[in-house]
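K.L.:
when you get a sec, could you give me coordinates for this:
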Amino acid sequence: GNLDRAKCTEWLAYFSSELHKGAGPLFHADELTRSFRKEVIEKLRTRLRYLDDALIDKDYLLPEYSIADMYAIAILRILEHVGIDLSGFHW
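P.N.:
Have a look, this model is predicted:
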């Protein structure tokens, strides 16, 4: 492998563990306390800022469009579905 492949794997792991899994509780939002729901959303927004910072002045996470970008799009759609406000980010 090369550095781009390693970076791709790093992004995929980030999306899987930090965003995808992090959004899990919101699929059952009616069962969450208000404070826990707020905590989950705050953590997700912090993690989204990391992604946002990585995309400043760039169209893609890697030098070319990749599976990492595809997963990012899927995750962002999931987050929209569970009520995360994505306004205010650069993408």
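
K.L.:
who's in contact with the lengthiest helix in the chain?
P.N.:
As assigned by DSSP state H, the longest helix anywhere in the chain is helix 34-54. With contact meaning Cβ atoms under 8 Å, 6 or more residues apart in numbering, helix 34-54 is reached by 14, 18-19, 22-23, 25-26, 29, 32, 61, 72, 79, 84, 86, 89-91. All C-beta spots, glycine's among them, are computed from the backbone N, C-alpha and C.

K.L.:
go on, stretch 63-79?
P.N.:
Contacts for stretch 63-79 (Cβ under 8 Å, 6+ apart): 4, 7-8, 11-12, 15-16, 19-20, 23, 44, 48, 51, 59-62, 86, 91.

K.L.:
what does the pLDDT read for the nearest residue to I84 once chain neighbours are set aside?
P.N.:
In space, and not counting its chain neighbours, I84 is closest to L44: 6.0 Å by Cβ to Cβ, 6 or more residues apart in numbering. With respect to pLDDT, L44 scores 97.

K.L.:
L44: neighbouring residues, count only.
P.N.:
Residues lying near L44 (other Cβ atoms under 10 Å) number 20.

K.L.:
how far away is it from D85?
P.N.:
Look at L44 and D85: by Cβ to Cβ, to the nearest Å, they are 10 Å apart.

K.L.:
do the same with H28
P.N.:
H28 is 19 Å from D85, by Cβ to Cβ.

K.L.:
tell me the buried residues in the following helix or strand past the longest helix of the chain?
P.N.:
Going down the chain from helix 34-54, the next helix or strand is helix 67-81, by DSSP states H and E. For helix 67-81, burial by neighbour count (16 or more other Cβ atoms under 10 Å) applies to 68-69, 71-72, 75-76, 78-79.
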